[in-house]
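Enquirer: Model the structure of this input:
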Amino acid sequence: MMDIQVREVRFDAGKPKICVPIVGKTFEEIIEQANEAKKVAEVIEWRADYYEDVLDDDKLNSTLLALRDEIRNIPLIFNLRTTEAGGLLDISLNQYRHINEFAVSSRAIDLADVEVSIIDQLSTTFIKWMQALDVRVILSYYNFKETPEDAVILFRLNLMEHWGADIAKIVLEPQNEADVLRQMGIVMKAQTFVTLPVVSVSLGRFGKFSQISGSLDGSCMTYGCLEGQVCSDAQIEADKLTLMINELR
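Expert: From the prediction side, this is the model:
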């Protein structure tokens, strides 16, 4: 399995890197959360769909630059999630493309997290363009209803590699404990025929265990939220997550 270096952080199948999402609505909230996040995070993700001024280019630009300045050398993921991917934004494909292109052009971000379903419509030149500007691309597959059969997930991972992703991400809803174990098994299996680093998230109460067990299945990143904050995919606070992961090593 290949690994990917972004700034000082290596995405590989060793210890999962702790990513803290920023979900502020206002500029002030975003910078405040970034200040908190940088104390515990190895990677920071900006969920730009939470930002009230995301459609205003000038404000988006100054927020991106201030965010970069605040977090210094920590890798920054730009994630603009649509409603289909469990996000807050209901926008046209052109708007989605524009905002992502704008974020990439700002030179403030290191990675862009893009839904796999959108690439169908945007074509892979979108990915290549981002990569040409030194931004790594995470392709994400979401399923909020179930954990599909192994073959379906493996097919998706193959597709992400075929489309030129740097990192593949799967976010799935388990019905029971068996689904969580099966997802971990798939991620282990994937390493034999996909060269991409994989981020694996199993949601909800059952999925909590998978957040701390990346060292077992090879998931290269896990999500922890800030204290007292509810984030969509992160079910464990980042400082607790750090303790658990270090304890398990």
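
Enquirer: What are the buried residues along stretch 38-51?
Expert: Residues of stretch 38-51 classed as buried: 40, 41, 42, 43, 44, 45, 46, 47, 48, 49, 50, 51 (neighbour count, 16 or more other CB atoms under 10 Å). For the C-beta atoms, the positions are set from N, CA and C on the backbone; glycine is no exception.

Enquirer: now the end-to-end length of it.
Expert: 19 Å (CA to CA, to the nearest Å).

Enquirer: related to what we said a few turns ago, pLDDT and distance to residue 165 for the buried residues of stretch 38-51 - can I get that in CSV?
Expert: Converted to CSV, these look like this (pLDDT from 0 to 100; distance: CB to CB, whole Å):
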residue, pLDDT, distance to residue 165
40, 94, 27
41, 96, 22
42, 97, 20
43, 98, 16
44, 98, 20
45, 97, 16
46, 98, 19
47, 96, 19
48, 97, 19
49, 96, 20
50, 96, 24
51, 97, 25
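
Enquirer: Any chance of these in TSV with secondary structure as columns?
Expert: Listed next are the buried residues of stretch 38-51 as TSV, based on DSSP: H, G, I helix; E, B strand; the rest coil:
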residue	secondary structure
40	coil
41	coil
42	coil
43	strand
44	strand
45	strand
46	strand
47	strand
48	helix
49	helix
50	helix
51	coil
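
Enquirer: what's downstream of the longest strand seen in the chain, the next helix or strand?
Expert: What stands out as the longest strand in the chain, according to DSSP state E, is strand 136-143. Moving toward the C-terminus from strand 136-143, the next helix or strand (DSSP states H and E) is helix 150-162.

Enquirer: if we look at that next one, which residues are touching it?
Expert: Residues from elsewhere that reach helix 150-162, judged by CB atoms under 8 Å, 6 or more residues apart in numbering: 116, 139, 141, 147, 168, 170, 172, 182-183, 185-186, 189-190, 193-196, 198.
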